[in-house]
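# Generate coordinates for the sequence data below:
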Amino acid sequence: MLKSKTFVKKTRAGGVLKIVREHYLRDDIWCGSEVCKECKDEAPVLQEDACIESNLCSYPHYLIPDTNVVLHQIDILEDPLIRNVIILQTVLQEIRHRSAPAYKRIKDAIHEKEKHFYMFTNEHHRETFIEREPGESANDRNDRAIRVAAKWYADHLAKKTNGGSLKVVLLTDDRANKEKAEQYGLIVYRCEEYIKSLIGNPELVDRLALQPDDQNEITGSKLLFPEHLPLSRIQSGIKNGVLLQGTFHANRDNYLEGTVFINREGEDINEVLLQGLQNLNRAVHQDVVAVELFPKERWVAPSSVVLQDDSPNDEDSFDFKRIAQRSACNSSILKPTGRVVGIIKRNWRPYCGMLSQSMIKEATRHLFTPADRRIPRIRIETRQAANLAGQRIMVAIDGWPKNSRYPNGHFVKNLGTAGDKETETEVLLLEHDVPHLPFSPAVLSFLPKMPWSITEEDLKVRADLRHLGVCSVDPPGCTDIDDALHCRELENGNLEVGVHIADVSHFIRPGNALDQEAASRGTTVYLCGKRIDMVPELLSSNLCSLRSNVERLAFSCIWEMNHNAEIIKTHFTKSVINSKASLTYAEAQMRIDDTTMNDDITKSLRGLNRLAKILKGRRTEKGALTLSSPEVRFHMDSETHDPIDLQTKELKETNSMVEEFMLLANISVAQKIYDEFSECALLRKHPSPPPSNYDILIKAAKSRDLNIHIDSAKALADSLNNATVENFPYFNTLLRILATRCMMQAVYFCSGMDSDFHHYGLASPIYTHFITHQEVRCYAQRASVAFHTQLFFKNKGIINEEGFILFVRKNAIIILIPKFGIKGTVFFDNKDKPSPHLIFDSEGPTLKVEEHMFRMFDKVKVTISLDASNIQHQRIRMALIEPVIPGVSVPVPESEPEAKKPKLDC
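Coordinates of the predicted model:
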């Protein structure tokens, strides 16, 4: 049966376009139930014995949730207890348009066989499709379609079971929809009503998302925040230039401050500073908001105060004026300032953290403290508070009324005991949105069958490079070897140099489940002692790992060069290689330095190293920056796998050697793909920072009577190279660490959408990522390093160590400890004792504590220990030993010798 849909659409030119779409209705869409013998479904999804103990529904039944139940109660629907659910096409289409995360989650539930979720295409079934009636809104039409489909199911199943006990229950929180469904003769309940009726599952009640009516019940009557503008006024305000649209970023160190980054190109203002809770106006980190800009006389500077939310739980005792005074800031460097007037899009997600139990005995309302300091505390209702004490849990936000100090939310799940290594790893993976579930059977089904080998057909279409002296150079313990190199002399006296990348594309076909999963993961994530693979281990550590003495498929970038590292010819080819050695950086360096070794691999390494030095020198001459960022290596206990030693990574010439050829390959590939696909080449550029970014670097150098020139990357590079201080060898490293923080974020872009391809940091006119050799630098990895650093210091007691001041704040100094490559903060406004006299000068910047003046890069001595007083936010605590300031410095603690343990590198 064929229907047609006709509608008109306004074009960009202002014309009107009539669109006619054909809509097919069918009789052969099955109900999906095991009970039904008429529907010719060979693999029914819905079970015949669909029993769940309920005070309301004592009979077997299928659930049909409406759109809002799926949107708001997805945590309930994902619970293993909830099975045999019919997801209507009408509902799924609405979810798809309204929430991408909820759409993905319900699709995953549908694909999970144990859940028995069935997607019924009611919009194409002849008996359940309905036309929109004149004057009927799209929402009302969809509600009616849901009722019609539920009625069809109820009647259809009654016929197949001869009026038997199997029923259909509609779940809706819409009062009008519920009333109409009851009039229609349907069994219908509110979601909360149904969940509370389930016997022996009280934890499910905690997962119920609060509805607006419920939220009003648990908040006070006092108005704490301004009303948000309606979307219509926001849209007209943005169009007229009265309001600005941007993404809100909360300040990790000061909960009363945030920045809105303006999304619109061509705006004179890139970011707007927000200060004070009422100006933040219930914006949560990553929300898309509308902001009103204040007049210039009301602009302020970012606060130099480190401030955490330690306010009491009671709204009535909350003093906005007191907090505002605490966050008073330096007004010498003013920034565009404003306030949030409306929310355009909430980007909430489930948050990990811990429950802060109410002091009231038997209370059910408690505050949840997220692990991410940028997220406000969340009020939830739970009857499990005693069981959740000391546990890491996950909570979702339901809403934030204007008369509530905190947003309201609901419990999602318990992750495990706080401080446990597995639990904390799970938390950091969830918090940084790293997909880490085991690969599904559907994904694994697309892996090649073992044993696998290279075929004659492969050799016909690939260059056979198995005879070359190819080798790989990687960190110790690396099993996913994705790149290798070679260098040999040609008959004409020139050199042939090759970079060979594992050809993963040979094993992954576009669009299949394996490809989609790899695209979703995006990258392999390296944690301390753990790796989250982008593709299954059979590929990552075996067939696509360029291990020694096995034949592997590769994609090769090969240059002919002269001995001055000048490229004569470049070509690219799919290849077959057989690596002759899998080396660590240290092993490769030893071969290069050992004059008694003269085998082919060692000669190749020496050639590569010599050429790499020339290439690096040439890049430096062009203005490439050599920046610095402290990286650490852990030594693990061989039995417990806890860190027993921590030190900064030592970089060798071979690190630089590999890096230079990876950069050269990326540049060569970038030029090639741009030549071939000038409009759609995927490139990567690094914008030059605005001059204001360098203010802190210039001040730091000036404090030592040095000048930093920022006219160009070359000028900056030369300034950094010349910035030395007598008897202070670490000064240049500190300056380069600071310079790293001044840089902009590098970005991917399409060549047809931009004309500026320049990569500022590399001083290269064009660049892409054909290969990134170093372990991916990601937030999850940093969080893993931070957690293992805490584990290391947990059993160390108090350690004394020298460090340097990296930043000076209004009430603190931030210290870098070179030995461990870690940073920590020494606070001077301790709550437990009287604060010393502090004078902060932003021009220096300097901080005078009593009679001592602190400047950037000053050498200090501190104690280092783990502050575990707040199990939710354990941190490295530092206290000042030297210089000695009476009432501020602490005495030198005695250190105890430790027993040696066997260790493993990480």
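# Residue 195: which element?
helix 191-197 (DSSP states H and E).
# what sits up against the next helix or strand after that helix?
For helix 191-197, the following helix or strand on the C-terminal side (DSSP H and E) is helix 202-206. In this structure, residues lying in contact with helix 202-206 by Cβ atoms under 8 Å, 6 or more residues apart in numbering are 76, 79, 81, 195-196, 198, 380-384, 410-411. Glycine gets a C-beta too; all of them are placed from N, C-alpha and C.
# Which among the residues you listed count as buried?
76, 79, 195, 196, 198, 380, 381, 382, 384, 410, 411 (16 or more other Cβ atoms under 10 Å).
# Select from those residues every entry located in helices.
76, 195, 196 (DSSP state H).
# Considering those residues, which is situated nearest to residue 525?
residue 76 (30.0 Å; Cβ to Cβ).
# That closest one against residue 194, yeah?
No: counting by Cβ atoms under 8 Å, residue 76 does not reach residue 194; the two are 9.4 Å apart.
# Residues in a beta bridge with residue 246, which ones?
residue 262, residue 289 (DSSP bridges).
# That one is in contact with residue 289, isn't it?
Yes: judged on Cβ under 8 Å, residue 246 makes contact with residue 289 at a distance of 6.6 Å.
# Overlap of the contact sets of those two?
Residues within reach of residue 246 and of residue 289 at once, by Cβ under 8 Å, 6+ apart, are residue 260.
# Look at those two and report which has more neighbours.
Legend: neighbour count by other Cβ atoms under 10 Å for residue 246 and residue 289, higher for residue 289 (29 against 24).
# what's near enough to touch that one?
245, 246, 247, 248, 260, 283, 340, 342, 343, 344.
# Distance from the chain centre to stretch 343-350, please.
Between the centre of stretch 343-350 and the centre of its chain there are 15 Å (Cα atoms, centre = their mean, to the nearest Å).
# distance between the ends of it?
19 Å (Cα to Cα, to the nearest Å).
# tell me which residues in it are buried?
343, 344, 346, 348, 349, 350.
# Just flag the most distant two among those.
344 and 350, at 21.5 Å, using Cβ to Cβ across the buried residues of stretch 343-350.
# ok, for the residue most central in space within the chain, nearest residue in space, not its chain neighbours?
Among the residues of the chain, the one closest to the centroid is residue 432, at 3.8 Å (Cα atoms, centre = their mean). Closest residue to residue 432 apart from its sequence neighbours, by Cβ to Cβ, 6 or more residues apart in numbering: residue 780 at 4.0 Å.
# Now do the same contact list for that neighbour.
428, 429, 432, 434, 525, 527.
# Is it correct that the third one is in contact with residue 782?
No: in terms of Cβ under 8 Å, residue 432 does not count as a neighbour of residue 782; the distance is 9.1 Å.
# Determine which two of the contacts of residue 289 are furthest apart.
Taking Cβ to Cβ as the measure, those span a maximum distance of 14.0 Å, between 247 and 342.
# Show me which of these two is the more surrounded one.
The neighbour count for residue 247 versus residue 342, taken as other Cβ under 10 Å, is higher for residue 342 (23 against 19).
# mean confidence for the strand or helix carrying that one?
Using DSSP H and E, residue 342 sits within strand 338-345. Average pLDDT, strand 338-345: 95.
# Mind checking what helix or strand follows it in sequence?
Using DSSP H and E, the helix or strand that directly follows strand 338-345 along the chain is strand 351-356.
# could I get that next one in PDB with only the CA atoms?
Extracted C-alpha coordinates of strand 351-356, given in PDB (Å, rounded to 0.1, in the frame of the first residue of the first chain):
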ATOM      1  CA  TYR A 351      28.900  11.900  36.300                       C
ATOM      2  CA  CYS A 352      31.100   9.900  38.500                       C
ATOM      3  CA  GLY A 353      31.800  10.900  42.100                       C
ATOM      4  CA  MET A 354      30.800  10.200  45.700                       C
ATOM      5  CA  LEU A 355      27.800  10.700  48.000                       C
ATOM      6  CA  SER A 356      28.000  13.300  50.800                       C
END
